[in-house]
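Student: Could you work out the structure for the sequence below:
(3 chains)
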Amino acid sequence: MSIAQNLSNAMVLASTYILIAIGLTMVYGVLKVLHVAHAGVYASGAFVGLGAFNFVRPFCTPTLEDARLASNLAFWISLPIAMIVSGVMGALIYLLIYRYTWGKSPTISLVASVGLFTLIQDLLQKPFLLGPRQQPYPAGGAGMPRIETPWFMITPTQVLILFVTLILLAIVYVILNRTRIGLGWQAASLDPEMAAAVGVNVTHVIVLNFFLGSMLAGAAGVLVGVYDNMVFSTMGDVPSYKAFVVVVLGGLGSVPGTIVASIVLAVTETFMVAFAGSLMPRDAIAFLVLILLLMFRPRGLLGRA
Amino acid sequence: MSTRLEARNITKRFGGLEALRGVSVTAQDEILGLIGPNGAGKTTLFNIICGFLRPTSGAVIFEDRAIHTKRTHEITQSGIARTFQIVKPFSDLTVLDNVLAGLGCHIYATPRVFAEQYSTRTTIEPAREILAFTDLTKWADTLAGNLPIGLQRKLEIARALATQPRLLLLDEPAAGLTSGEADELAVLVRKLRAQGKTIIVIEHNMAFAMNLCQRIVVLAQGEIIAQGTPAQVQTDERVINAYLGH
Amino acid sequence: MDYFVSLAVFAGIWVVLALSLNILMGFAGQVSLGQAAFFAIGAYTSALCALKFDQPFFVGFFAAILVTGFVGAFLGLPSLRVRHDFLVLATMGVNFVVVAIFKYVDFFGGALGLIDIPTPRFFGVNNDIPYLILVWLYVGAAILISWYISKTWTGLALNAVRINEEAAAAVGISVPRFKIYAFIVSAALAGGAGSLYAHYLKSLFPDNFNFIESIVILSMVVVGGVGTLRGPIIGAIILRALPELLREVHDYRFTLYGGLIVLMMLFQPMGLLGDDSTLMRGLRRLFVRKEKVDYEHAA
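Tutor: This next block holds a predicted model:
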């Protein structure tokens, strides 16, 4: 594969990392909680998206006749449903758990989060939800075009991922920088008490924060499910951990840092697999990187020492 | 008088901020007061002496040995103990166990640490003596975290004494105490001096420091602006300016 | 009969695992989510001793303890530099990496695992009773070690490190050294448990030691009571036996473990049988007539 092709593949990978990690970094920014259960939200998002997709598709088929179009329509209906359900799930996680563990030792929140993640994953595995086996999510490119140049080619599904990511990032940017609640988030992440003192409703800010971040994670779940054409209960395993590589690399709590870090990690991984091959799977390498990072650059590559 | 501690030309930078600029302090066998407005660098100096921080430049000499490259536990083992401005008792241990933790100071680095029980007659007796000396006997079995702040400060002194220091660093020991408790504390510190310990006290409470200390060093913005007897310092113009100017 | 013997063997192994994590978490205050990694290293060391080097069981058993203790010292290094909640993250990583190594390196059997690990037979008895006794002797040793540590200066120093590292250093305790001690003892105990597990199960697969197993061990400790001896023991027995005895629970055991962890963190972070838990206070009120209450005086 050419360098350009590898780069374009890496950008697709980076997009999914960005969508997962932004929620985490936002949560860390305000609550200083390492929200492992975020990966449970991600897997749930994929599950809900798939459920909605399978539910809606039969209704689309008779009206549209063209099965391709019906599938595309079903996807575009399933994506927002998955995002909203994930968002609500995230907000509930805060309201039911972190609201009470916040202010105690950060380890307590983290351990609770790990417990919650275990619970979500195990429930997803049950036959009345996703079941133990992986299931296809055959949405294809959802109507996106294929982009072909002499140097590289982007499949419709990859275009879909890049397109959705860019739109969602634009929305997040506007919310964080142009709305009251976004400014409230920025204030709260600097100093929650101070923000409360100047009239920011910190609870609202945090709930919205969880809602937004979890929405993005849900979208990531759907997109990865479609990309790999499979959804399975433990698909959150690797992201649960790898997203933290990105968050720590990006300097904990910094949204731009997270975006840059996602790209750095995705490019490194892609090229390592392409040119070096490796002894261990690339995920294990990411974990090793995180351990070393935590030891030697705990504030991230971009963070101030 | 022999020189117990000498801090030579200490500079400490945090990024662009210079917390200490070429500070030199010597402590003989005395009660030395370290005063100055907020942010003067007093606690930074303590943290350097006891090894929590490394000086950017300069040296700390304790009984003719350089200690500024050593780590905190080694410095404690060599005979310097401290208390904290924000008290740090071992809150879910009893008062007695807190003192025992201090008594272990010279055992922690030896193999005895694995073999010997810490709560035996031979260790409890000296621990109780220290509790009696600091007037904490009746709280011996209370959890340290449940004590009121005044007693927690005392407990920190007791715990520091248990390490058998020759130099004791007290960081704002009178903060948050009633005037009655502060008086008691002054008596206790003088008793320690009478036992031959060198004591350096950081104090915000001027009256307390003037009354207790034999000599006073005034820090402001990372530099020494005056030193001498309490009477000399009290009338020094720079000192008055430093305090009023703040 | 065989069923209960195997239940008791596994319960014993998990009691030791819970006790081993308790030394890290309850004594030294270092929360680890990588305990299954030490368990795995012990199991693989012992199994490989038997399979590749033809050594008898006890050689493998002690080799497992030694090797895991050594690895524990090494894997404890992040705890010297990393703050508490990030340490949890780092230990999770250790678990993933160790499992990945066993899975992808052929010497360790790879994803196909190790099979035909011999089970030792003692005194010519042809059932598992002697093995069961051996397991519970090891449990007894683990309890004794935990108890002994809590009584010695080491125990006091670990407590001091857990409560406040700066204050610990200020009474002459080398914080890094004692953290590493805790990691060594904890890892070695778990390694021995791994050896017993390997020779009982007769086959090992990397997935036996997934991150989820670390969660199971953690839930046993936090449900029982962090820092006590009774807590991890009872927690491990109940949480290990319950899913085996009740089919319905078995299907939902990870839901149960996860849910229990969340509930404990919300309502009783020191565990049901922790020193200051509601349950223990209730029991004490029932059985101890006169309780010394001098805290009010103090305040």
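Student: give me the element the residue in chain C that chain A sits nearest to is part of.
Tutor: Closest residue of chain C to chain A, Cβ to the nearest Cβ: C:Ile261 (2.8 Å). Every C-beta, even on glycine, is put in place using the N, C-alpha and C of the backbone. Assigned by DSSP states H and E, C:Ile261 belongs to helix C:253-267.
Student: helices or strands next to that helix in the packing?
Tutor: Under the contact definition 3 or more Cβ pairs under 8 Å, 6 or more residues apart in numbering or on different chains; DSSP states H and E, helix C:253-267 sits against helix A:99-101, helix A:106-124, helix C:211-224, helix C:230-245.
Student: now that helix and helix C:230-245, what's the angle there?
Tutor: Here helix C:253-267 points in a direction 150 degrees away from that of helix C:230-245 (axes from the mean of the first three to the mean of the last three Cα atoms, to 10 degrees).
Student: tell me which residues of helix C:253-267 are tucked away?
Tutor: Neighbour counts over helix C:253-267 (16 or more other Cβ atoms under 10 Å in any protein chain shown) mark C:253-262, C:264-266 as buried.
Student: Which two among those residues are spaced furthest apart?
Tutor: Greatest spacing in the buried residues of helix C:253-267, by Cβ to Cβ: C:Arg253 and C:Leu266 (20.3 Å).
Student: Any idea how many residues pack against the residue lying closest to A:Ile175 once chain neighbours are set aside?
Tutor: Leaving out its chain neighbours, the residue that sits closest to A:Ile175 by Cβ to Cβ, 6 or more residues apart in numbering or on different chains is A:Gly182, at 4.8 Å. Using other Cβ atoms under 10 Å in any protein chain shown, A:Gly182 has 19 other residues around it.
Student: quick one: what helix or strand has A:Gly182 in it?
Tutor: Using DSSP H and E, the element containing A:Gly182 is helix A:180-190.
Student: cool, and B:Val201?
Tutor: If you go by DSSP H and E, B:Val201 is part of strand B:198-202.
Student: other SSEs contacting that strand?
Tutor: Other helices and strands packing on strand B:198-202, by 3+ Cβ pairs under 8 Å, 6+ apart, are strand B:31-35, helix B:42-49, strand B:167-171, helix B:179-194.
Student: which other helices and strands contact the last one?
Tutor: I take that to be helix B:179-194. For helix B:179-194, the elements it packs on are strand B:31-35, helix B:149-162, strand B:198-202, helix B:206-212, judged by 3+ Cβ pairs under 8 Å, 6+ apart.
Student: what's in contact with that helix?
Tutor: B:30-31, B:133-135, B:150, B:153-154, B:157, B:161, B:168, B:170, B:173-174, B:177, B:199, B:201, B:205, B:208, B:211-212 (Cβ atoms under 8 Å, 6 or more residues apart in numbering or on different chains).
Student: ok, now how distant is the residue nearest the centre of chain B from B:Glu6?
Tutor: Centroid check for chain B by Cα atoms, centre = their mean gives B:Leu169 as the closest residue, at 1.7 Å. Per Cβ to Cβ, to the nearest Å, B:Leu169 is found 14 Å from B:Glu6.
Student: And for B:Val25?
Tutor: Distance of B:Val25 to B:Glu6, computed by Cβ to Cβ: 8 Å.
Student: show me where pLDDT drops low in chain B?
Tutor: B:1, B:244-246 (pLDDT under 70).
Student: thinking again about what came up before, for A:Met11, find the nearest of the helices and strands packed on strand B:198-202.
Tutor: Ranking those by proximity to A:Met11 (Cβ to Cβ) places helix B:42-49 first, at 47.5 Å.
Student: Helix or strand next in line after that closest one, which one?
Tutor: Per DSSP H and E, helix B:42-49 leads on to strand B:57-62 as the next helix or strand towards the C-terminus.
Student: and that next one, which residues are buried?
Tutor: The neighbour-count check on strand B:57-62 (16+ other Cβ under 10 Å) flags B:Gly58, B:Val60, B:Ile61, B:Phe62 as buried.
Student: what residues are up against residue 123?
Tutor: Picking chain A for this. Applying Cβ under 8 Å, 6+ apart to A:Leu123 gives the contacts A:Leu129, C:Thr255.
Student: Correction: the question concerned chain C.
Tutor: C:Pro130.
Student: if we can go back for a sec, let's have the buried residues of strand B:57-62 in CSV, adding distance to chain C.
Tutor: As requested, those are exported to CSV (distance: Cβ to the nearest Cβ, whole Å):
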residue, distance to chain C
B:Gly58, 21
B:Val60, 16
B:Ile61, 20
B:Phe62, 15
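Student: how near is C:Tyr3 to C:Glu244?
Tutor: C:Tyr3 sits 8 Å away from C:Glu244, taking Cβ to Cβ as the criterion.
Student: of those two, who's got more company?
Tutor: For C:Tyr3 versus C:Glu244, neighbours defined as other Cβ under 10 Å are more numerous around C:Glu244 (16 against 8).
Student: Could you look up the SS state of the spatially closest residue to that one that is not a sequence neighbour?
Tutor: Excluding its sequence neighbours, the residue lying closest to C:Glu244 (Cβ to Cβ, 6+ apart) is C:Leu7, at 5.4 Å. Put simply, C:Leu7 is helix when judged by DSSP: H, G, I helix; E, B strand; the rest coil.
Student: Can you verify my assumption that C:Leu7 contacts C:Pro243?
Tutor: No: between C:Leu7 and C:Pro243 there is no contact, the gap being 10.5 Å when judged by Cβ atoms under 8 Å.
Student: Quickly check: stretch C:174-182 near chain B or not.
Tutor: Yes: Stretch C:174-182 comes into contact with chain B (Cβ under 8 Å from any Cβ of the partner chain), by way of C:Ser174, C:Val175, C:Phe178.
Student: Same list, those, but as JSON lines with neighbour count, distance to chain A and pLDDT please.
Tutor: JSON lines is the format used below for these (neighbours: other Cβ atoms under 10 Å in any protein chain shown; distance: Cβ to the nearest Cβ, whole Å; pLDDT from 0 to 100):
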{"residue": "C:Ser174", "neighbour count": "20", "distance to chain A": "19", "pLDDT": "94"}
{"residue": "C:Val175", "neighbour count": "21", "distance to chain A": "16", "pLDDT": "93"}
{"residue": "C:Phe178", "neighbour count": "24", "distance to chain A": "19", "pLDDT": "94"}
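Student: So which of the residues you listed is the closest to B:Arg238?
Tutor: Nearest member of these to B:Arg238, counting by Cβ to Cβ, is C:Val175, at 40.6 Å.
Student: So the residue in chain B positioned nearest to chain A versus B:Thr56, what's the distance?
Tutor: Nearest residue of chain B to chain A, counting by Cβ to the nearest Cβ: B:Gly15, 8.7 Å away. For B:Gly15, the distance to B:Thr56 equals 11 Å [Cβ to Cβ].
Student: So between the two, which is more surrounded?
Tutor: Taking neighbours as other Cβ under 10 Å, B:Gly15 and B:Thr56 compare with B:Thr56 leading, 15 against 7.
Student: Please look at the more buried one and B:Asn9 and confirm they touch.
Tutor: No: B:Thr56 lies out of contact with B:Asn9 (Cβ under 8 Å); the separation is 10.8 Å.
Student: Give the full set of residues in contact with the closest residue to B:Met210 other than its chain neighbours.
Tutor: Distance criterion Cβ to Cβ, 6+ apart; nearest residue to B:Met210, sequence neighbours excluded, is B:Pro230 at 4.2 Å. Applying Cβ under 8 Å, 6+ apart to B:Pro230 gives the contacts B:Gly33, B:Ala209, B:Met210, B:Asn211, B:Cys213, B:Ile216.
Student: Out of those, which end up buried?
Tutor: Those of the contacts of B:Pro230 that meet the buried threshold are B:Gly33, B:Ala209, B:Met210, B:Cys213, B:Ile216, by 16+ other Cβ under 10 Å.
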